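In: I would like the atomic coordinates for the input below:
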Amino acid sequence: MHLLKAFEGSIWIALGILISLLAYNTGIGSFREPGVGFIGLASGLFLIVIGSVMSMTRRGNAQQEGKEESKSAVQTTITRPSFKFIYTLVLLALYALLLNPLGYVIATFLVMFGLFFDPVTRRWLPALFASLASVAITYIVFEIWLKSQLPRGIFPWW
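Out: Model (predicted):
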């Protein structure tokens, strides 16, 4: 069992707690009049739930994996699940850094494309379509329907 894989759920829980605390400090408002940190708090709580589920399922499968690991003595140092986990964390960190300078539309499109693109199949058209659909739907919901201002970035008229 890899060390990163063993603590994956705990890392998501810790990240969720950090995001929730930071969002709470910025002010969450009320359900009818959400503040700046409302969505951040909801996202942090979601990460805590996901991390808890991952931790519980990991403990349940630990005995079965222990048996399988003893059968195969040779393991690679970098496995695909560990790579995906680190890749996702790097993309989310880049998204946080690039959201204000590039703006919501461009930053979200790039991150969603990075998440949807599968390097094994190298099919970029489905990833492109899913990224455009994600940006369009979220833009319509938040900017037009809810009238919340998203970061404009390099396109101030957007």
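In: And the next helix or strand past the lowest-mean-pLDDT helix or strand in the chain?
Out: Counting by mean pLDDT, DSSP states H and E, the chain has its least confident helix or strand at helix 3-6, which shows a mean of 64. Going down the chain from helix 3-6, the next helix or strand is helix 8-26, by DSSP states H and E.
In: outside of that following helix, which residues touch it?
Out: Helix 8-26 is contacted by residues 35-41, 43-56, 58, 85 when judged by Cβ atoms under 8 Å, 6 or more residues apart in numbering. In this view, the C-beta of every residue, glycine as well, is placed from N, C-alpha and C.
In: Now do the phi/psi pair for Leu150.
Out: In terms of degrees, to the nearest 10, the main-chain angles of Leu150 are phi -90, psi 160.
In: Where does pLDDT dip in the protein?
Out: Judged by pLDDT under 70, the chain has its weakly predicted residues at 1-6, 58-81, 157-158.
In: how is the chain carved up into domains?
Out: Here the domain assignment for the chain is 1-74, 76-158, based on automatic domain parsing.
In: helix or strand for Thr121, which one?
Out: Counting by DSSP H and E, there is no helix or strand that carries Thr121.
In: Kindly tell me how buried it is, as a neighbour count.
Out: Thr121 is surrounded by 9 other residues when neighbours are defined as other Cβ atoms under 10 Å.
In: For it, give me phi and psi.
Out: Phi and psi for Thr121, reported as degrees, to the nearest 10, are phi -80, psi -20.
In: In contact with it, which residues are there?
Out: Listed by Cβ under 8 Å, 6+ apart, Thr121 has no contact partners.
In: mind checking how far it is from Phe109?
Out: According to Cβ to Cβ, to the nearest Å, Thr121 and Phe109 sit 20 Å apart.
In: Point me to the helix or strand that includes the residue nearest in space to the middle of the chain.
Out: Centrality entry for the chain: nearest residue to the mean C-alpha point is Leu92, 5.8 Å, by Cα atoms, centre = their mean. Using DSSP H and E, Leu92 falls within helix 80-102.
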